[in-house]
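Asker: I would like the atomic coordinates for the input below:
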Amino acid sequence: MGVLKRRGGKVLLIASSVLLVGVAILYWRTSRAAYETAEYTVVGSDADIEIRDYAGLVLAETTMSTGDASRNGSFGRLFRFIAGNNSNQQSIAMTTPVFVDPDPANSRMAFVLPQDVASVGAPEPKDESVELGEFRTGRYAVLRFSGSISEKSQDEAHARLLARMDELGLKALSGPQFAYYDPPWTIPSMRRNEVLVRIADDSEI
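Answerer: Next up is the predicted model:
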């Protein structure tokens, strides 16, 4: 009886270990760690704010309608583009972050194309509502925050960034853009979200 208990305990331990490894692999494959991330250079930081230089990002972008921040319509159009709905029927790797520009006059969502695709020329979208564009080269003030995507969380993060910029003597040259790095099933408190505002190229802290 004692031998059976020991064997049963060993089998349970092995099964638990295999399950944990499987969960870890699944999490890695579906988390931000599994994806190429848009490159930038940090040129300064102060507590919760970073100053970054961005250059050379090619985007696939589409307009967003009111209430579309849930990533249904706009996200689906962009995902179909990278899944093969393009002139080359090419499958393109997902990257991070997903950019959201909440400009009321022209709100947009964008995927950053991988460097190996951007360097040889991205295929043209078949969906006319998807366009190729560029992330504006320049210097940005950036604040990181967590939580779910909502207008309230975006407004609060933007207000915090502007307040910190005012403290540091940084002048905003654009409205906010938001960067989301995690799949929607990620626990809100563990998500990496950012708000970016363009500033003068010679700004320093």
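
Asker: C-alpha from now on. contacts and neighbour counts both.
Answerer: Noted.

Asker: low-scoring pLDDT stretches of the protein, where are they?
Answerer: For the chain, residues meeting the criterion pLDDT under 70 lie at 1-33, 66-72.

Asker: quick one: the helices in this protein?
Answerer: Remark: helices assigned in the chain by DSSP state H are 2-29, 73-83, 115-118, 151-168.

Asker: Where do the strands of this structure begin and end?
Answerer: 36-37, 41-46, 49-54, 57-63, 95-96, 98-101, 108-112, 130-135, 138-145, 177-180, 193-199 (DSSP state E).

Asker: so which of those is the most packed in?
Answerer: strand 108-112 (a mean of 25; mean count of other C-alpha atoms under 10 Å).

Asker: by how many degrees do it and strand 130-135 diverge?
Answerer: In this structure, strand 108-112 runs at an angle of 70 degrees to strand 130-135, with axes from the mean of the first three to the mean of the last three C-alpha atoms, to 10 degrees as the basis.

Asker: Just checking: what are the partner strands of strand 108-112?
Answerer: strand 57-63 (antiparallel), strand 98-101 (antiparallel) (DSSP bridges).

Asker: okay, those in JSON lines with distance to V197 next?
Answerer: As requested, the strands paired with strand 108-112 are arranged in JSON lines below (distance: least, C-alpha to C-alpha, whole Å):
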{"stretch": "strand 57-63", "distance to V197": "16"}
{"stretch": "strand 98-101", "distance to V197": "11"}
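
Asker: Of all these, which one comes closest to A110?
Answerer: Each of these has some distance to A110 by C-alpha to C-alpha; the shortest is strand 57-63, at 4.1 Å.

Asker: now that closest one, how far from the centre of its chain.
Answerer: Between the centre of strand 57-63 and the centre of its host chain there is 13 Å, according to C-alpha atoms, centre = their mean, to the nearest Å.

Asker: G44 contacts D53, correct?
Answerer: No: the criterion here is C-alpha atoms under 8 Å, and G44 misses it with D53 at 9.9 Å.

Asker: of all the strands of the chain, which lies closest to G121?
Answerer: Nearest of the strands of the chain to G121, taken as C-alpha to C-alpha: strand 57-63 at 9.4 Å.

Asker: what angle sits between that closest one and helix 73-83?
Answerer: On the basis of the same axes, to 10 degrees, strand 57-63 is oriented at 130 degrees to helix 73-83.

Asker: Restrict strand 57-63 to CA atoms and write it as CSV.
Answerer: These are the backbone C-alpha positions of strand 57-63, laid out as CSV (Å, rounded to 0.1, in the frame of the first residue of the first chain):
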residue,chain,number,x,y,z
LEU,A,57,8.8,52.1,-38.2
VAL,A,58,6.6,51.0,-41.0
LEU,A,59,2.9,50.6,-40.1
ALA,A,60,-0.2,48.9,-41.3
GLU,A,61,-3.0,51.1,-40.1
THR,A,62,-6.8,51.5,-40.3
THR,A,63,-9.4,53.9,-39.1
